[in-house]
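> Sequence and computational prediction follow.
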Amino acid sequence: MKALVIYYSRSGKTKDVAERIARAASADIEEIVEVEKHPGYARSAIAAILKRKPALKPFGRSLDDYDLVFVGTPVWRMNAVPAIQSFLATQAWRSKQVALFCTMGGMGDRKTFRTMRELMPGARVPGEIAFDTAGLKNPEEIEARVNVWVAEVLAEAGTS
């Protein structure tokens, strides 16, 4: 099964989890990058509140080349970041298998995953996982959670 991990990361926490998922799934990996990055968290938070969809740098891969796609986002203002929302809204997801992950400072994963699912009509989601940033301080624990979750996703995705 050919897999791809797509993620957006501002602080590096989501990138760390994405890289661990890519290793566990033997997957390719690609970062979503905004054309213009906001200079600070305050402007990024305002963009999230106003639901602005930023312009993104071209995506270098075709989703059609993959059987399974993992998509990861930090949680800002109780939702997926604007860059991930922009990306999800511009792709064809029908019949794709997409596993979702997020990093957050306490809460917001349910709304984040609901938003992501709404932006991927027709996609099948074989798994979701949230990482509280307070829990991202123990690399062994992160690795163990990632490995168990990826194995579950791969098993679920392989059955459809």
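Good, I have the coordinates.

> which residues touch the helix or strand that contains Leu154?
For Leu154, the host element (DSSP states H and E) is helix 139-158. The contact list for helix 139-158 (C-beta atoms under 8 Å, 6 or more residues apart in numbering) reads 1, 3, 16-17, 20-21, 24-25, 67-68, 70, 97, 99, 101, 126-127, 129, 131, 135-136. (Each C-beta comes from the backbone N, C-alpha and C, glycine too.)

> How about that helix, which residues are buried there?
For helix 139-158, a neighbour-count test (16 or more other C-beta atoms under 10 Å) marks 142, 145-146, 149-150, 153-154, 156-157 as buried.

> coming back round to it: filter the contacts of helix 139-158 down to the ones in helices?
Counting by DSSP state H, those place 16-17, 20-21, 24-25 in helices.

> out of those, which one sits closest to Gly106?
Nearest to Gly106, judged by C-beta to C-beta, of these is Val17 at 16.2 Å.

> Do a quick rundown of the strands in the protein.
Per DSSP state E, the chain carries strands over the ranges 3-7, 28-31, 68-76, 79-80, 97-104, 128-132.

> Quickly, which of those strands bottoms out on average pLDDT?
Comparing mean pLDDT across those, the weakest is strand 79-80, with a mean of 89.

> can you pull the contacts of Gly108?
The neighbours of Gly108, taking C-beta under 8 Å, 6+ apart as the test, are 75, 77-79, 102.

> Is it possible to mark the buried ones in those residues?
Listed as buried from the contacts of Gly108 are 75, 77, 79, 102; burial here means 16+ other C-beta under 10 Å.

> Now tabulate the residues you listed in CSV and tack on distance to Ser86.
Converted to CSV, these look like this (distance: C-beta to C-beta, whole Å):
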residue, distance to Ser86
Val75, 16
Arg77, 15
Asn79, 13
Cys102, 16
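
> Can you say which two of the residues you listed are spatially most distant?
The most widely separated members of those, counting by C-beta to C-beta, are Arg77 and Cys102 (12.9 Å).

> quick one: contacts of stretch 124-131?
13, 17, 68, 75, 95-104, 109, 112-113, 117, 142, 145, 149, 152-153, 156-157, 160.

> can you rerun that using 7 Å?
Stretch 124-131 is contacted from outside by 17, 97-104, 109, 113, 117, 142, 149, 152-153, 156-157, 160, using C-beta atoms under 7 Å, 6 or more residues apart in numbering.

> What's the ChimeraX line that selects buried ones from the contacts of helix 139-158?
The following ChimeraX line selects those of the contacts of helix 139-158 that are buried, judged by 16+ other C-beta under 10 Å:
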select :3,16,17,20,21,24,25,68,70,97,99,101,126,127,129,131,136
